[in-house]
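Colleague: missing the sequence, but the structure's below:
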Ligand SMILES: Nc1nc2c([nH]c(=O)n2[C@@H]2O[C@H](COP(=O)(O)OP(=O)(O)OP(=O)(O)O)[C@@H](O)[C@H]2O)c(=O)[nH]1
């Protein structure tokens, strides 16, 4: 059975105030201008965690320890390109280094209850709602 499955790993970086980092997709790429969680495709031979550590290093210049990546939820969504996206989302609250977007992409730190100000790709919407429920709820409770 062939499925054109695209495995992409993503991360909600959470700061001590409970804000989450969103990055804007650069022009010229699929979903350009939309806001997403940092991450990228899992390459052959990599675990999702290894891929995420590599992507966060390449995209943002930070080093999370693998043990600080907490599995949170996943998205399963058809892509406009014809494939199907499977995207595990991790939460990470601790990393080394200072965030510096390598490709000059825009980033924001925003509380999950304000995600609606940042248009996201379809796969991210249920993940955003889950973050809103579980992160904001956790802080209140
Ligand atoms: N990183 C990331 N990708 C997402 C999210 N939501 C979502 O639909 N995607 C999709 O998943 C794919 C991510 O792959 P990528 O970031 O490596 O894609 P890219 O086109 O930049 O990669 P490339 O430069 O290697 O071709 C894209 O199709 C992207 O639109 C998200 O929250 N984070």
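Modeller: The structure has been received and is ready for your questions. Source: prediction; values computed, not measured. Numbering: from 1, shown residues only.
Colleague: just the mean pLDDT for the lengthiest helix in the chain, thanks.
Modeller: As assigned by DSSP state H, the longest helix anywhere in the chain is helix 48-60. Confidence for helix 48-60, expressed as mean pLDDT, is 97.
Colleague: just give me the residue right at the centre of this structure.
Modeller: residue 37 (2.5 Å; C-alpha atoms, centre = their mean).
Colleague: distance of the residue lying closest to residue 39 once chain neighbours are set aside from residue 55?
Modeller: Closest residue to residue 39 apart from its sequence neighbours, by C-beta to C-beta, 6 or more residues apart in numbering: residue 10 at 3.4 Å. Glycine gets a C-beta too; all of them are placed from N, C-alpha and C. Separation of residue 10 from residue 55 (C-beta to C-beta, to the nearest Å) stands at 9 Å.
Colleague: which neighbours do those two share?
Modeller: 38, 39 (C-beta atoms under 8 Å, 6 or more residues apart in numbering).
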